[in-house]
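In: The following block contains a protein sequence and its predicted model.
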Amino acid sequence: MKHPARPQVCSILLSMLLLAACSNSSPEKSAALSPPENDVVVSADSGKPEANLQQEASMAAPVMEAPSPSAQMLTMRDKELARLQIKAESAPAMAHRSAAPPQLLIADRVYPPHVETNRERYGKTSDNPVKLVAEEPVSTFSVDVDTGSYANVRRMLTHGQLPPPDAVRVEEMINYFPYHYALPKDGKPFAVHTALAPAPWNASRVLLRVALKGQDIAKQTLPPANLVFLVDVSGSMHSQDKLPLLQASLKLLARQLRKQDKVSLVTYAGSTAVVLSGASGGEQEKIIGAIDRLQAGGSTAGAAGIELAYQQARENFIRSGINRILLATDGDFNVGVTNFDRLKQMITEKRKSGVSFTTLGFGTGNYNEHMMEQLADAGNGAYSYIDSLMEGEKVLVNEMTSTLATIAKDVKIQVEFNPEWVREYRLIGYENRMLRREDFKNDKVDAGDIGAGHTVTALYELTLAGEKGAIEPLRYQPEKAAPAASGKEKKNELAFIKLRYKKPDGDESTQIEYPVFHSALKPFKNADDDFRLAAAVAGFGQLLRGTANLASWRYEDARALAADFSAASQKGKAGGDEYGYRAELIRLIKLAETLAASQAAPEQKKE
């Protein structure tokens, strides 16, 4: 005799047995697998609280009569959430975020995680225009030692996307690389190096390089440092390329500190907290332990965190020492003061206290790069983007003295072009660092700072007198006649460079001057490796921005130029690729070339 109802009865009995087993489970085990009541557990990739994920999952999951017998005490979703939490706490920082985030498992079905909409923010910039020397013979700008744009562009290219033009700041890409300029020998804080050679993308144009090399300081001889790590521990920082990478990077810096250094650790999410106050740099285990205990959850009250960080910096202030806040965040402020201009004004006012403000950017999706770059600028600091632990080591270990110690502040450059030799000029990059001519001598106008050992490189593209320029002559007004330079020496000058800077603790600027002679112009093949590398990076950056001044130059040309090492470089002598940055550049240009070609192919088919 058949019993059609028997499977249903068995299913109900099995369900009752499993429910009974669950009710008798040990509370200790349940507590070990559940988060504390006051903590908000966030999915490592979605950035949503676990409760929200459970609610979304319950709405999507089908009604089941009973769990699978193999589920035992934990559902597969619980196991996966526990595994993700353990991974976030124990895994070493990843070099790059994985291409596909892990999937959440609900019972015996697979549900893709929530993918956050791309909300990355970049400041709007337009390329510097071509200027007629007869009309505007003087160009004035502030130095910039930020490198964050290059690392951020690298992150996007390695993830298979071309960066938006506003994410590409050519000067930051050029200044990412360590150039082998000679150190100063005259007691000044930096040396000035100039060079002239034809532009690789247009033989009828000339590149003028203006480069600065800061006096270096050995780590052992750095003044005592008062450092405040201001760390974003909000829910948006939960993914592997944010808080875990941030922790690993700060621990690299912590291991470089000395007994005379002081370290404070301030966190902010929905509220703020002082985790560590004025600990000696010699207490490395204490510092590293405090960093390790950081957990992400909650909203982002960034302004309150900045206030508390400055308070800690003041309480542990070291006279004649290094006093600096290092903000580590994705820049997504959403509680308290969130207005960009008010935040920038807050930091501008507080820099008068003698405390500098450096920003370290992390993460993707909601990254506010515009805020990170501008806050560092307002706080007399530098902006870096950390996309891997190797970049963390570069910024916080290899370039530690440059990151922490300032050797000159409010550094401004002014170039006057001689109309007898130069018809037109265009400054490549530095669009948001331009100053008015009268700002040069005004010590109240802020400008960029230079750290120990820093290199700063600026490139001008010139149209020499007698060459056809980019600007057409006027129909109704004759071109202004170029005023004749007086004196034989001045007639041979192509340009005259003036720089102003202040000492780190000074309020009055000092001016230094350097002429550039036309006779310094040499064929591009005779230009040094540093010149060719800077030109290759400048061309690459302009291609990414879609600049219209490169004629028929393409990615393959930039790649060939970047690979053009001299014999000395190939043998590992001065000018070599010690850290592999140049080799990486070549790979990135190839990636951009491939991505650009793949985007162009569908458009060609439409035509």
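Out: Cool, the structure landed.
In: The closest residue to residue 305 other than its chain neighbours bridge partners, please.
Out: Using C-beta to C-beta, 6 or more residues apart in numbering and skipping residues adjacent in sequence, the residue nearest residue 305 is residue 268, 2.9 Å away. No exception for glycine: its C-beta is placed from N, CA and C like everyone else's. Per DSSP bridges, the residues bridged to residue 268 are residue 232, residue 272.
In: Quick check: residue 268 touching residue 298?
Out: No: using C-beta atoms under 8 Å, residue 268 and residue 298 do not qualify as a contacting pair, with a distance of 9.1 Å.
In: helices or strands next to the biggest helix by length in the chain in the packing?
Out: The longest helix of the chain (DSSP state H) is helix 581-606. Helices and strands touching helix 581-606, by 3 or more C-beta pairs under 8 Å, 6 or more residues apart in numbering; DSSP states H and E, are helix 148-158, helix 529-545, helix 555-562.
In: Check the burial of residue 185 by counting its neighbours.
Out: When neighbours are counted by other C-beta atoms under 10 Å, residue 185 registers 8.
In: how close does the closest residue to residue 206 other than its chain neighbours sit to residue 428?
Out: Spatial nearest neighbour of residue 206, excluding adjacent residues (C-beta to C-beta, 6+ apart): residue 462 at 4.5 Å. As judged by C-beta to C-beta, to the nearest Å, residue 462 and residue 428 stand 11 Å apart.
In: same thing with residue 507?
Out: 32 Å.
In: if you count what's nearby, which of these two comes out ahead?
Out: The residue with more neighbours, out of residue 507 and residue 428, is residue 428; 24 against 10, by other C-beta under 10 Å.
In: ok, what's across the strand from that one?
Out: Bridge pairing for residue 428 - DSSP bridges - gives residue 459.
In: Please report how far it lies from residue 541.
Out: Relative to residue 541, and taking C-beta to C-beta, residue 428 is found at 8 Å.
In: any shared contact partners between the two?
Out: residue 170 (C-beta atoms under 8 Å, 6 or more residues apart in numbering).
In: element containing the nearest residue to residue 595 once chain neighbours are set aside, please.
Out: Among residues not flanking residue 595 along the chain, residue 162 sits closest, at 5.1 Å (C-beta to C-beta, 6+ apart). Element membership of residue 162, judged by DSSP states H and E, is empty: it is in no helix or strand.
In: in the stretch 51-200 of the chain, which segments are predicted with low confidence?
Out: 51-117 (pLDDT under 70).
In: The stretch 301-450 of the chain: strands as residue ranges?
Out: Using DSSP state E, counting those that start in this stretch, the strands of the stretch 301-450 of the chain run over 322-329, 356-361, 383-385, 406-417, 422-428, 448-451.
In: Just put these in CSV and tack on mean pLDDT and distance to residue 468.
Out: Formatted as CSV, those follow (pLDDT from 0 to 100; distance: least, C-beta to C-beta, whole Å):
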stretch, mean pLDDT, distance to residue 468
strand 322-329, 96, 49
strand 356-361, 96, 43
strand 383-385, 97, 39
strand 406-417, 97, 18
strand 422-428, 98, 9
strand 448-451, 96, 35
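In: Which of these sits closest to residue 235?
Out: With distances scored as C-beta to C-beta, the stretch of those nearest to residue 235 is strand 322-329 (12.6 Å).
In: Map the structural domains onto the sequence of the protein.
Out: Domain ranges of the chain: 6-111, 131-217+406-474+497-553, 222-404, per automatic domain parsing.
In: Check those for me and report the most buried one.
Out: Highest mean neighbour count among these (mean count of other C-beta atoms under 10 Å): domain 222-404, with a mean of 21.
In: End to end on it, go ahead and measure it.
Out: End-to-end distance of domain 222-404: 9 Å, with C-alpha to C-alpha, to the nearest Å as the criterion.
In: Same check on stretch 434-443?
Out: For stretch 434-443, the first and last residues are 16 Å from each other (C-alpha to C-alpha).
In: residues in contact with that stretch?
Out: Stretch 434-443 has contacts (C-beta under 8 Å, 6+ apart) with 128, 138, 140-142, 410, 412, 414, 427, 445, 447, 498, 500, 502, 507-509, 511.
In: before we move on, back to that, SS state for the residue nearest to residue 206?
Out: With DSSP: H, G, I helix; E, B strand; the rest coil as the basis, residue 462 sits in strand.
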